[in-house]
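Peer 1: the following block contains a protein sequence and its predicted model.
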Amino acid sequence: MYGFGLIRGLIVTGKNFVQSFYNPSRYTTQEYPEVKSTPPEAYRSFPFLVTDSETDPLGALRCVACLTCEKECPAQCIFIEKSKDKKPDANGRLQFYPTQFIIDSSVCMSCQICVEVCPFDSIKMDKVFEVAVSSRFENLLLTRDKLTKSNQYFHLISPSEAQEVDDRLAAERKVAQEKAAAQAKAKAEAAALAAQVKPVPAP
């Protein structure tokens, strides 16, 4: 029937209008900033660095300054300075670390390429949308101190992704521990076997 689509659209509009007075699911606006919306899990703003410790955040960074994100960033807004020495990470392994990690938020496109290419799951996308500042030169450069946030915070904003990352890292850590235990056992058995073999005296 000609015009039926228009009538159906008006009916939907009328339902939304009437129900918006008493049905919260039909509310189309929020009283911001008094009422703040919760961004969906797929939402992203600017990157942040994940640390595995809340007591020593800079000492337990997952980032090992491999410079992959800096090289792959299409906007070239990431600047990393790699350390000359190594220090233990959260798992006790000696790793390099970034002495400087800076993101120019005025250039960052929030494309998430740095997250996709990171082999250590050390950089993730944040969900902070209130980033307006009073000065154009204020807080445009996000330094390592501002970028570092805990793994608990990552679980809070992206629970499913954070759990998947934790499960994968735990599985990799278990495999590494089993491999190290097997190597230590083989080395101990070889040393015990060498101690049992007595040299043959020369005639």
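Peer 2: Right, received. Where do you want to start?

Peer 1: just give me the longest strand of the protein.
Peer 2: Among the segments of the chain that qualify as a strand by DSSP state E, the longest is strand 98-104.

Peer 1: quick one: distance of that one to the chain centre.
Peer 2: 15 Å (Cα atoms, centre = their mean, to the nearest Å).

Peer 1: do the same with stretch 145-158
Peer 2: With Cα atoms, centre = their mean, you get 7 Å for stretch 145-158.

Peer 1: mind listing what's buried along that stretch?
Peer 2: 146, 147, 148, 149, 150, 151, 153, 154, 157, 158 (16 or more other Cβ atoms under 10 Å). Quick note: C-beta positions are derived from backbone N, CA and C, even for glycine.

Peer 1: the helix or strand of the chain with the lowest mean pLDDT: partners in the sheet, and parallel or antiparallel?
Peer 2: Within the chain, no helix or strand scores below strand 87-88, which has a mean of 82 by mean pLDDT, DSSP states H and E. Strand 87-88 has the following strand partners under DSSP bridges: strand 94-95 (antiparallel).

Peer 1: need the contact partners of stretch 65-80.
Peer 2: 81-83, 96-105, 107-109, 111, 113-114, 117-120, 123 (Cβ atoms under 8 Å, 6 or more residues apart in numbering).

Peer 1: picking that back up, what comes up buried for the next helix or strand after the longest strand of the chain?
Peer 2: Next in sequence after strand 98-104, counting helices and strands by DSSP states H and E, comes helix 113-117. Neighbour counts over helix 113-117 (16+ other Cβ under 10 Å) mark 114, 115 as buried.

Peer 1: helices or strands up against helix 113-117?
Peer 2: helix 68-72, strand 123-125 (3 or more Cβ pairs under 8 Å, 6 or more residues apart in numbering; DSSP states H and E).

Peer 1: ranges for the strands of this structure?
Peer 2: Counting by DSSP E, the strands of the chain are 47-51, 78-82, 87-88, 94-95, 98-104, 123-125, 141-142, 148-150.

Peer 1: quick check: the residue nearest to the spatial centre of the chain vs residue 56, distance?
Peer 2: Taking Cα atoms, centre = their mean, the centroid of the chain lies closest to residue 124, which sits 2.8 Å from it. Per Cβ to Cβ, to the nearest Å, residue 124 is found 20 Å from residue 56.
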